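*Asks:* Got a sequence here, can you model it:
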Amino acid sequence: MLRAMSQSGPVDRLIWVNGELVPWGEVKVHVLCHSMQRASLIFDFYSVHETPRGPAVFRMAEHTRRLLRSGELLGLPMPLGEDEINAAIVETVRANPGASCVKVCAYLPSIEVEVVPADDRVSIAIAAYDSLRDVVAYNAGTPWYKPELRLRLEKDRQKMRPEIIPPQCKVSANYTSPMIAKWAARRAGYDEILLVDHRGYVAEASTENVFLIERDGRLRTPSLDFVLPGVTRDSILAIAKHDGRVVEECAIRPEELFGAAEVFLTATSAGVWPVLSIDDSPIGSGSVGPVSKALRDRFHDVTCGRDSAFHAWLRFVNE
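*Replies:* Numbers count the residues shown, from 1 in each chain. The predicted structure follows:
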């Protein structure tokens, strides 16, 4: 993990690296290490929430299992199992009061010349921090966030084909194409992109899953065949079913989005993120719809421990 070169001041955080808590600014990797040169780093991103019972990590087990699955898909010999990683996450969150998120990275730190590393020992680093205070404040200085989104349907780049890199793998190499497309979209005045898969069906945004709400109230989202199995995606499906809503996981043509009553994205960092327009065409009324708002508010209550039906999803770190 590299310290951002634009940071101008100290960050008072400790990062867990291979069993040791290391000051933020002292965590280094060599510029010639395998994961820097070959994009072989895998990761998962967890959210931390203040609840009536203290800080809690949301769906920690599911995130860690996805991390281990990414390692399996990539062929990384992971040095720790699920219970060990979860224990290290709890230790790291306790050591970093006020953290709102956790990023766990597994990477090959050895300096290599071949695509296949000669030294395949994997390091694990766990950072618990607050994105605004610890990262944004030292980079752009002004957070980029909008409560609702203007999307561009990406027409030049598709989601990477599954035989190249499995879409279920959270490996850094999987984010290069979305980065290029999103960068261009931002310059054109849009907030986010939507990618299609190699068949031409809706896949996902750059780092988010996508849902549409039909005019009859049904929730539809692309099936998991060619998208990342988002933990927030799964949470919204479970909450919607619990509340008696009809949900479908199915193939969705891009043109179907424009006739939807509502569209929203889901992600660990954003929860439920309403979409106002796609390619400058308003979705529904062009404002946040009632179902998106209801699910956004309900999800917030769940993550903050105010919904007893889903308390099992929270790992209270001080208990």
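*Asks:* can you pull out the strands in the stretch 1-150 of the chain?
*Replies:* 14-17, 20-23, 42-51, 54-58, 101-107, 123-129, 149-153 (DSSP state E, counting those that start in this stretch).
*Asks:* okay, the ones you listed in a markdown table with mean neighbour count, distance to residue 259 and mean pLDDT next?
*Replies:* The C-beta positions use only the backbone N, C-alpha and C, and glycine is treated the same way. Shown next, in a markdown table, are the strands of the stretch 1-150 of the chain (neighbours: other Cβ atoms under 10 Å; distance: least, Cβ to Cβ, whole Å; pLDDT from 0 to 100):
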| stretch | mean neighbour count | distance to residue 259 | mean pLDDT |
| --- | --- | --- | --- |
| strand 14-17 | 22 | 47 | 98 |
| strand 20-23 | 13 | 52 | 97 |
| strand 42-51 | 20 | 32 | 98 |
| strand 54-58 | 22 | 33 | 97 |
| strand 101-107 | 22 | 35 | 98 |
| strand 123-129 | 23 | 41 | 98 |
| strand 149-153 | 20 | 14 | 96 |
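*Asks:* Select, out of these, the one closest to residue 80.
*Replies:* strand 123-129 (6.0 Å; Cβ to Cβ).
*Asks:* what's the closest one in contact with?
*Replies:* 1, 11, 13, 15-18, 24, 27, 48, 78-80, 85, 88-89, 92-93, 95-96, 99-109, 135 (Cβ atoms under 8 Å, 6 or more residues apart in numbering).
*Asks:* Pull up the pairing partners for it, direction included.
*Replies:* strand 14-17 (antiparallel), strand 101-107 (antiparallel) (DSSP bridges).
*Asks:* Those strands into JSON lines, with extra columns for distance to residue 238?
*Replies:* JSON lines is the format used below for the strands paired with strand 123-129 (distance: least, Cβ to Cβ, whole Å):
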{"stretch": "strand 14-17", "distance to residue 238": "30"}
{"stretch": "strand 101-107", "distance to residue 238": "21"}
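*Asks:* looking at the ones you listed, which is closest to residue 230?
*Replies:* Nearest to residue 230 among the strands paired with strand 123-129 is strand 101-107; the distance by Cβ to Cβ comes to 15.3 Å.
*Asks:* between that closest one and strand 54-58, how many degrees?
*Replies:* Strand 101-107 and strand 54-58 meet at an angle of 50 degrees, taking axes from the mean of the first three to the mean of the last three Cα atoms, to 10 degrees as the criterion.
*Asks:* which secondary element of this structure has the worst mean pLDDT?
*Replies:* Using mean pLDDT, DSSP states H and E, helix 176-187 stands out as the lowest-scoring helix or strand of the chain, at a mean of 93.
*Asks:* quick one: low-confidence ranges for the protein?
*Replies:* Within the chain, the stretches falling below the threshold (pLDDT under 70) are 1-10, 140-144, 160.
*Asks:* and with 90 instead?
*Replies:* Low-confidence segments of the chain (pLDDT under 90): 1-11, 132-148, 155-167, 177, 198, 319.
*Asks:* Would you map out the domains in it?
*Replies:* Following automatic domain parsing, one finds the domains of the chain at 14-138, 149-303.
*Asks:* To residue 314, which of these lies closest?
*Replies:* Between residue 314 and the domains of the chain, the tightest spacing by Cβ to Cβ is seen for domain 14-138, at 4.0 Å.
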